[in-house]
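A.B. asks: coords please:
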Amino acid sequence: MRPGPLNLITDVAGLRVGNAQDARVKSGVTVLTADAPFACGVHVMGGAPGTRETDLLAPDRLVQAVDALVLSGGSAFGLGAAEGVMAGLRAAGRGFAVGTARVPIVPAAILFDLLNGGDKGWDDSPYPALGRQAFEAAGTRFALGTAGAGTGAATARWKGGLGSASAMMEDGTTVGALVAVNALGSVTAPSGQFWAAPWEMEAEFGGLGLSGPFDPGHEPAPEKRQGEATTIAIVATDATLDKAGLTRMAVAAHDGLARAILPSHTPFDGDLVFGLSTGQRVADPFRLGHVAACVLARAVARAVFEATPAPGDLQPCWRDRT
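C.D. replies: From the prediction side, this is the model:
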């Protein structure tokens with residue numbers, strides 16, 4: 001197993017990701033879309049999720065494919081970002097056909113960043129426009145760290161952010177992850193070493209290895225208040241899986257959050273993972289969940305590793321640690 005050429009979720013052929021953010025608001029939106037509709041499942045393990053259209057992703061529901069996925073800041077206001085994405089898809093002639101009408105299918109998940117020091121005194125929500133901008137910006141290369149849905153994110157100790165990673169399996173199957181890390185828990189040990197260190201590839205988040213104390217019992221108390229949290233993620237593969245198989249992959253990928261964030265899945269986090277397939281190749285599904293968990297753990301660490309400072313920040317960046 002090795003990283004893909006870009007070490008991004010877009011190493012899964014056909015996927016595109018776009019970011020849009022507002023520095024004044026300290027929030028943003030990340031959109032994943034593809035050349036064609038894709039199969040998708042979802043699994044929620046956090047106690048305080050905020051979602052849109054996720055019921056459609058159950059294996060027994062009518063719609064079998066979606067047009068885009070949205071990760072957004074803004075708490076419940078951020079769900080409006082999907083409206084902007086729908087507008088972009090509609091303009092492109094995309095959507096689920098119902099007679100002569102087409103309805104773009106855009107599930108979304110949000111994180112809470114309303115108390116991060118940004119100006120949230122808007123009259124009209126900025127999120128529909130940010131969603132449209134992120135959709136229009138979608139490509140194979142995109143920024144990590146303080147970008148998109150990770151713009152105003154935070155963790156117990158460090159500034160959070162947007163992360164991504166990929167892996168190519170021995171049989172040629174590709175798995176990728178995209179995550180906005182805004183956790184109540186911590187992503188590092190007291191030494192500053194990432195909990196995800198055992199799964200790092202090619203020094204992608206500092207190459208600290210396993211040196212230093214690695215004791216979860218000595219984590220500092222969270223600096224965030226309960227409710228100011230949620231880590232939302234997407235894991236993707238080019239292996240052919242139906243919605244039931246993708247739901248199982250999303251379940252397994254939550255192990256990656258548990259490896260990289262301590263604690264995770266709390267009653268005050270809305271931790272959620274979407275699983276998607278572009279269905280381009282036949283692969284053995286046995287290892288896909290394991291690989292998805294490893295890739296997601298790496299993406300979490302990359303999100304914090306790539307964060308950059310901005311005026312008004314309430315937390316330090318990992319790279320500026322002393």
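
A.B. asks: please enumerate the strands of the protein.
C.D. replies: With DSSP state E as the criterion, the chain has strands at 15-22, 27-44, 51-52, 66-72, 96-98, 101-103, 108-110, 161-168, 174-181, 232-239, 272-281.

A.B. asks: what's the distance between R259 and P104?
C.D. replies: Using CB to CB, to the nearest Å, R259 is found at 34 Å from P104. Backbone N, C-alpha and C define where each C-beta goes, glycine included.

A.B. asks: tell me which of the strands of the chain lies nearest to R2.
C.D. replies: Nearest to R2 among the strands of the chain is strand 161-168 (5.6 Å), distances taken as CB to CB.

A.B. asks: what angle sits between that closest one and strand 174-181?
C.D. replies: Counting by axes from the mean of the first three to the mean of the last three CA atoms, to 10 degrees, strand 161-168 lies at 170 degrees to strand 174-181.

A.B. asks: for the most centrally placed residue in the chain, what are its contacts?
C.D. replies: With distances taken as CA atoms, centre = their mean, V179 lies nearest the centre of the chain, 2.2 Å away. Residues in contact with V179, defined by CB atoms under 8 Å, 6 or more residues apart in numbering, are L162, G163, S164, T231, I232, A233, I234, L296, A299, V300, A303.

A.B. asks: what about it, distance to G145?
C.D. replies: The gap separating V179 from G145 is 12 Å, by CB to CB.

A.B. asks: overlap in contacts, the two.
C.D. replies: In contact with both V179 and G145: L162, G163, A303, using CB under 8 Å, 6+ apart.

A.B. asks: give the PyMOL command for selecting the buried subset of the residues you listed.
C.D. replies: Buried subset of those, written as a PyMOL selection, criterion 16 or more other CB atoms under 10 Å:
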select buried, resi 162+163+303
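
A.B. asks: between the shared contacts of V179 and G145, which is nearest A109?
C.D. replies: The nearest member of those to A109, counting by CB to CB, is L162 at 13.5 Å.
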